[in-house]
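S.K.: Structure, please.
(one chain, ligands or ions: 2)
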Amino acid sequence: MANLTFLGHAAFQLKCGNDTILFDPFLTGNPLAKANPDDLDCNYIILTHGHVDHIGDAVSIAKRTGATVISNYEIATWFAAQGIASHPMHIGGAYNFPFGRVKLTIAHHGSAFDAGDGFIYMGNPAGVLVTIEGKTLYHAGDTGLFYDMKLIGEMNAISVALLPIGDNFTMGIDDAVKAVEFLNPGVVVPMHFKTFEVIDVNPDEFARKVSAIGKKAQVLAVGDDLEF
Ligand code: NI
Ligand code: MN
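M.R.: Ligands and ions are numbered 1, 2, ... in the order given. Below you'll find the model as predicted:
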C-alpha cells in the first residue's frame, strides 16, 4: 500500500513502508502550497526536470534530510557537486531502488535551470514511472501530449497517472483527456494548474471530460491524499 499526498503544482509526497519520496518539491514561492519545506521528511527526491517550479526546495530539503536525489544525469550531477547524494538515470532506463523500480520516460518540454544570471543546462525533461509492490504510478512531468503515451500505457499497468492540465506550458485539458485514453490508468490526478495566472484552468472540467470517456479522475486539493 502506498500513500500519495498532493503538495501543490507538480509536487507530491509518496509514502510506502519506511520510505518517503518527494516529487518536484516546489513549495517556497508556490502560492498554493501549504507544506513548509523545513517540516518535510524524506529519503528520496525525484526531479522531472530543471525548471525552478520543479527543482523548488530540493537543495535545502536534501541537505537537511540527507535524501538521495533521483533525476537525469545532468541534474543528478549538479546536485552531487553540491555534496548532495544523487542517483543519475536517463530516459528509457530503469533501476531497482529499495522502495521500488523507477523508470524515466520522455517528456516534451525544456529543462534549463534559471540561475538568475543565465541558464544552466539540465539535460532533457522526463516523466517517471514508479512501481511499488506491483502498482505503478506515472508522474508525467511537464509535457505536451505525445503519441508514445499509448506505448507507455500498453507496456505498464498504470494504477495512478499524474498529468499536467494547465495549458500554456504543458498539455491543456483536452490534450490531457487524450493522454488518459492513451495511458489507460486506474485513476488520473490532474496537476500543474492554477499556480500561475496563465495555467488557471478548472480541474473539474477535466474530471468531467475524463468521466465522459469512461475513465476515473480524482481532483486532489492541496494536502489531500490517495491510497493505491
Ligand atoms: Ni517546466
Ligand atoms: Mn512546470
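
S.K.: if I pick Ala62, what's in contact with it?
M.R.: Ile45, Thr68, Val69, Phe79, Ile84, Ala85 (C-beta atoms under 8 Å, 6 or more residues apart in numbering). To be clear about C-beta, it is placed using only N, CA and C from the backbone, and glycine gets the same treatment.

S.K.: from what I can see the last one touches Gly66, true?
M.R.: Looking back up the chat, that one is Ala85. Yes: using C-beta atoms under 8 Å, Ala85 is in contact with Gly66, at 6.7 Å.

S.K.: quick one, which of the two is more surrounded?
M.R.: Ala85 (16 against 11; other C-beta atoms under 10 Å).

S.K.: What is the burial count for the closest residue to that one other than its chain neighbours?
M.R.: Leaving aside its chain neighbours, Ala85 sits nearest to Thr68 (4.3 Å; criterion: C-beta to C-beta, 6 or more residues apart in numbering). Using other C-beta under 10 Å, Thr68 has 19 other residues around it.

S.K.: Kindly report the same for Ser71.
M.R.: By other C-beta under 10 Å, the residues close to Ser71 number 31.

S.K.: Show the contacting residues for it.
M.R.: Ile46, Leu47, Thr48, Phe79, Ser86, Pro88, Met89, Ala126.

S.K.: The same query, at a cut-off of 6 Å, please.
M.R.: By C-beta atoms under 6 Å, 6 or more residues apart in numbering, the residues touching Ser71 are Leu47.

S.K.: What is the nearest of the contacts of Ala62 to Pro203?
M.R.: Pro203 has its nearest neighbour among the contacts of Ala62 in Ile45, at 25.1 Å by C-beta to C-beta.

S.K.: so the closest one is in which element?
M.R.: strand 44-46 (DSSP states H and E).

S.K.: Contacts for the helix or strand following that strand, please.
M.R.: Toward the C-terminus, strand 44-46 is succeeded by helix 52-55 as the next helix or strand (DSSP H and E). Helix 52-55 has contacts (C-beta under 6 Å, 6+ apart) with Asp24, Phe26, Thr48, Asp114.

S.K.: That'll do, ta.
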